[in-house]
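In: make a model of this:
(one chain, ligands or ions: 1)
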Amino acid sequence: MKQFIYSFAFTVLAFSNVTAQKNDDVKVAIDLKTITNDKVTVTVTPPAFKTNSTTYFIPKIVPGTYSADNYGKFIENFKAYDKKGRALEVVKADDNSWKIDNAKKLVKITYEVNDTYDTEGTGAHEIFSPAGTNIVANENFVLNTHGFIGYFEDMGELPYELTITHPATLWGATSFVDTNDSNEIDVFNAPRYPEVVDHPIMYSKPDYTSFMVDGMEILISVYSPTGKVTAKDITPEMETMMRAQKRFLGAINSTKKYSVLVYLSDIEGNDAKGFGALEHTTSTTVVMPEAMPLEQLLSSLKDVVSHEFFHIVTPLSVHSKEIHFFNYNTPKMSEHLWMYEGVTEYFANLFQVNQGLITEEEFYIRMAEKVAQSKQFDETMNFTKMSKNILEAPYKDAYYNVYLKGALIAMCIDIEMRESSNGEKGILDLMQALSNEYGSNKPFNDEDLFTKITALSYPAVGEFLNTYVAGSTPIPYDEYFAKMGVTKAIVEKPGNPFLKNEQTPYVTINAAKEIVILPNIEGNTFMSSLGIQAGDALLSVNDTAYNLDNIYDLIMNSMSWKEGEPITVTIKRDEKEQVLNGKVQLPTEEIEGYQSGNDVKVQLRESWLKG
Ligand SMILES: [Zn+2]
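Out: Predicted coordinates:
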């Protein structure tokens with residue numbers, strides 16, 4: 001019904017006179033052809049103002065980042081003009097807003113935009129790369145649109161028309177539909193400002209693939225500075241994964257086109273340094289290091305992209321008013337991050353065991369790691385309170401726990417539901433029911449969610465939420481695993497040749513910039529099997545020389561070494577070089593994990609993990 005009204009309104013508008021339509025939208029022109037001093041010029045033409053003054057805002061915060069990032073700090077040379085081209089007075093109100101008196105005379109504003117990637121890691125800002133911007137003339141532009149385009153006070157609900165002029169050699173990857181035929185001009189329309197922000201665009205030399213999954217068109221676009229990785233290289237794995245995700249999700253379906261924009265950064269240069277991805281309704285922006293070996297990259301992309309893709313369930317289909325009417329400059333946060341991020345992260349793991357992409361044992365290891373890592377945060381911190389106040393201390397610093405404890409909360413709800421329904425129903429059924437109840441256009445009130453969930457599931461779930469999510473009792477994870485016949489055990493997992501517990505390096509750097517095995521350590525299997533000793537300098541591996549400058553390459557390459565592969569290592573011991581030949585023996589690490597046995601709970605567990 002709603003859709004019908006909407007398309008009807010659209011038809012009327014299309015037939016009404018063109019001038020009337022023009023007067024009612026915000027026109028934005030972005031010039032990617034003329035780049036001066038590494039800055040992009042933006043021109044915004046608003047409709048006529050009826051108010052005496054107005055304020056133009058660039059977002060302080062955008063959905064999905066949960067941090068105040070002040071994108072206005074990257075705007076320079078802000079100017080406002082009347083129809084004769086005379087400058088109007090502008091007062092910069094704060095980092096993200098510009099007040100213009102004489103709004104009735106205002107016909108356009110212009111400003112220049114700096115990118116965020118150039119200054120990442122310098123302390124200038126803390127913007128997470130997938131939410132950031134990149135400007136490299138004739139080469140690459142990452143237009144996270146909120147970094148380039150803002151909104152006039154009270155005009156965020158007006159339609160936008162974006163005209164982007166770009167070099168013919170660059171192609172814009174996006175879920176927006178380009179309505180202009182020229183290969184140097186793209187015109188995109190958005191019904192309201194939040195839709196502008198929801199559509200990132202990446203311009204680069206065309207390297208993309210597309211495929212259909214169950215009626216949804218998936219676009220994969222890759223920017224690799226040296227051309228080392230192509231869209232073709234990553235497509236087969238992405239396709240297998242996304243098909244499995246759609247199979248897992250079943251009935252939930254909310255978008256016709258989904259774009260995966262992958263930016264690979266040069267970690268040694270002034271480039272993006274925060275890796276991961278940011279979700280959008282119809283796309284995701286991903287930033288990863290180009291130096292990563294392909295196999296490692298594929299496995300990271302699998303985890304990252306599957307998480308973002310599952311966001312189409314929540315917050316897209318199920319969200320509160322705080323998200324639906326998102327305030328970009330005076331944000332109000334929702335209480336239910338455990339759901340938006342936690343359920344999403346849990347699904348990104350559960351679907352892999354459900355669809356046979358990982359084993360049951362691997363799934364338990366992942367959950368055990370989440371248990372262990374989440375215990376580094378305050379276990380009594382009330383999760384709904386933390387979520388509501390996530391922009392402030394001390395809650396801010398506990399943000400990462402939404403991916404750990406948040407996912408475990410989702411797992412416990414899943415377990416409660418399986419137990420209460422004799423295996424019949426789980427948290428995916430709950431999310432489907434919530435999505436039917438609400439959907440993308442009908443937000444819920446934060447305070448009503450637990451009651452609604454309880455009504456759609458079981459009393460045990462309501463009790464769990466009140467005790468462990470809205471309360472401050474630490475979750476007794478072992479009790480929940482036990483409900484599925486899963487018990488605590490010491491389990492082995494593969495380790496890294498140079499990193500103990502995946503984080504503490506076995507190596508250091510000496511004055512000559514050489515990579516040296518730490519003195520006074522007990523080497524791991526990898527080292528002892530090759531005869532590498534504490535204090536040895538590691539000069540090369542398989543004919544590639546390594547030192548301080550490319551130590552990250554060594555560590556990243558080592559992540560894809562296979563057990564039993566031949567390996568040649570050149571070391572220096574007591575000033576003498578030696579060549580050591582042998583086979584890779586990967587170290588294993590013992591962790592506190594979980595295991596299942598052949599018990600009466602087998603069927604219940606099957607319905608949980610394979611259902
Ligand atoms: Zn997320």
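In: so where is this protein shaky, pLDDT-wise?
Out: Across the chain, the ranges flagged by pLDDT under 70 are 1-23, 252-254.
In: at 50 instead, please
Out: Within the chain, the segments meeting pLDDT under 50 span 1-22.
In: what does stretch 82-102 rub up against?
Out: 52-60, 70-73, 78-81, 105-107, 109, 150, 329 (C-beta atoms under 8 Å, 6 or more residues apart in numbering). Every residue, glycine included, has its C-beta placed from N, CA and C.
In: contact partners for the residue nearest to Met242 when sequence neighbours are not counted?
Out: For Met242, ignoring the flanking residues on the chain, the nearest one in space by C-beta to C-beta, 6 or more residues apart in numbering is Val213 at 5.4 Å. Neighbour list for Val213: 239, 242-243, 246 [criterion: C-beta under 8 Å, 6+ apart].
In: buried subset of the residues you listed?
Out: 239, 242, 246 (16 or more other C-beta atoms under 10 Å).
In: where do the domain boundaries of the protein fall?
Out: Domain ranges of the chain: 22-197, 207-308, 314-486+595-609, 496-586, per automatic domain parsing.
In: centre of the chain to the shortest one, how far?
Out: Centre-to-centre, domain 496-586 and its host chain are 33 Å apart (C-alpha atoms, centre = their mean, to the nearest Å).
In: show me where the stretch 101-250 of the chain has strands.
Out: Secondary structure of the stretch 101-250 of the chain (DSSP state E, counting those that start in this stretch): strands located at 108-113, 134-136, 140-143, 151-152, 160-165, 171-173, 185-190, 201-204, 208-213, 216-223.
In: still on that earlier bit, wait, which of the buried ones among the contacts of Val213 is closest to Ser306?
Out: Nearest to Ser306 among these is Met242, at 7.9 Å by C-beta to C-beta.
In: my guess is the closest one contacts Glu217. True?
Out: No. Using C-beta atoms under 8 Å, Met242 makes no contact with Glu217, being 11.2 Å away.
In: so which strand or helix has Asp478?
Out: helix 477-483 (DSSP states H and E).
In: which residues does stretch 324-337 contact?
Out: 57, 59-63, 66, 68, 96-97, 146, 151, 156, 194, 197, 319-320, 322-323, 340, 383-391, 402, 406, 443, 446-447, 449.
In: of these, which belong to strands?
Out: 57, 97, 151 (DSSP state E).
In: how many other residues sit next to the last one?
Out: It refers to Tyr151. Tyr151 has 26 neighbours, counted by other C-beta atoms under 10 Å.
In: Val26 is in contact with that one, correct?
Out: Yes. At 7.4 Å, Tyr151 counts as touching Val26 under the criterion of C-beta under 8 Å.
In: overlap of the contact sets of these two?
Out: Tyr193.
In: before we move on, back to that, got the strands of the stretch 101-250 of the chain as CSV, with distance to Lys257 columns?
Out: Listed next are the strands of the stretch 101-250 of the chain as CSV, based on distance: least, C-beta to C-beta, whole Å:
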stretch, distance to Lys257
strand 108-113, 27
strand 134-136, 23
strand 140-143, 17
strand 151-152, 24
strand 160-165, 17
strand 171-173, 11
strand 185-190, 13
strand 201-204, 13
strand 208-213, 9
strand 216-223, 5
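In: between those, which gets nearest to Ala482?
Out: Comparing those by C-beta to C-beta, strand 208-213 comes nearest, at 37.4 Å.
In: distance between the closest one and the chain's centre?
Out: 20 Å.
In: quick check: buried residues in it?
Out: Neighbour counts over strand 208-213 (16+ other C-beta under 10 Å) mark 208-209 as buried.
In: CA atoms of that strand as PDB?
Out: Presented in PDB, the C-alpha positions along strand 208-213 are these (Å, rounded to 0.1, in the frame of the first residue of the first chain):
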ATOM      1  CA  TYR A 208      34.000  -4.900 -11.400                       C
ATOM      2  CA  THR A 209      31.900  -8.000 -11.700                       C
ATOM      3  CA  SER A 210      28.200  -8.600 -11.100                       C
ATOM      4  CA  PHE A 211      26.000 -11.600 -10.600                       C
ATOM      5  CA  MET A 212      22.400 -12.400  -9.500                       C
ATOM      6  CA  VAL A 213      21.500 -14.100  -6.300                       C
END
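In: okay, angle between that strand and strand 216-223 too, please.
Out: Calculated by axes from the mean of the first three to the mean of the last three C-alpha atoms, to 10 degrees, strand 208-213 forms an angle of 160 degrees with strand 216-223.
In: pairing partners for strand 208-213, with directions?
Out: If you go by DSSP bridges, strand 208-213 pairs up with strand 216-223 (antiparallel).
In: so what's the gap between the partner strand and the chain middle?
Out: 16 Å.
In: what's the answer for stretch 300-320, then?
Out: That offset, for stretch 300-320, works out to 9 Å (C-alpha atoms, centre = their mean).
In: next: stretch 479-487.
Out: 31 Å.
In: and it, what's buried?
Out: Applying 16+ other C-beta under 10 Å to stretch 479-487 flags 480-481, 483-486 as buried.
In: and the helices in the stretch 201-350 of the chain, which stretches?
Out: 231-249, 294-310, 321-324, 337, 344-354 (DSSP state H, counting those that start in this stretch).
In: sorry, back to before: for the strands of the stretch 101-250 of the chain, which one sits closest to Leu430?
Out: The nearest among these, by C-beta to C-beta, is strand 216-223 at 23.0 Å.
In: list the buried residues in the closest one.
Out: In strand 216-223, counting by 16+ other C-beta under 10 Å, buried: 216, 218-223.
In: could those residues go into TSV alongside distance to Val136?
Out: Converted to TSV, the buried residues of strand 216-223 look like this (distance: C-beta to C-beta, whole Å):
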residue	distance to Val136
Met216	31
Ile218	26
Leu219	22
Ile220	21
Ser221	16
Val222	16
Tyr223	10
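In: Lys396: which of the residues you listed is nearest?
Out: Using C-beta to C-beta, the buried residues of strand 216-223 come closest to Lys396 at Tyr223, 31.4 Å.
In: what's near enough to touch the closest one?
Out: Taking C-beta under 8 Å, 6+ apart, we find Tyr223 in contact with 140, 202, 204-205, 207, 262-264.
In: is the nearest residue to Ser300 once chain neighbours are set aside bridged to anything, and to what?
Out: Nearest non-adjacent residue to Ser300, counting by C-beta to C-beta, 6+ apart: Met288, 6.3 Å away. Beta-bridge partners for Met288, by DSSP bridges, are Leu264.
In: need the contact list for Met288.
Out: Contacts of Met288 (C-beta under 8 Å, 6+ apart): 262-265, 275, 297, 300-301, 304.
In: quick one: which of the residues you listed is most hemmed in?
Out: Ranking these using other C-beta under 10 Å puts Val262 first, with 27 neighbours.
In: looking at this, Lys452 is in a helix?
Out: Yes. Counting by DSSP: H, G, I helix; E, B strand; the rest coil, Lys452 falls inside a helix.
In: how close does Lys257 sit to Tyr458?
Out: Distance of Lys257 to Tyr458, computed by C-beta to C-beta, to the nearest Å: 37 Å.
In: show me where the stretch 351-500 of the chain has its strands.
Out: Using DSSP E, counting those that start in this stretch, the strands of the stretch 351-500 of the chain run over 486-494, 499-500.
In: in TSV: the ones you listed, plus distance to Gly250.
Out: Listed next are the strands of the stretch 351-500 of the chain as TSV, based on distance: least, C-beta to C-beta, whole Å:
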stretch	distance to Gly250
strand 486-494	25
strand 499-500	39
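In: most tightly surrounded among the ones you listed?
Out: Mean neighbour counts were compared across the strands of the stretch 351-500 of the chain using mean count of other C-beta atoms under 10 Å; the top stretch is strand 499-500, at a mean of 16.
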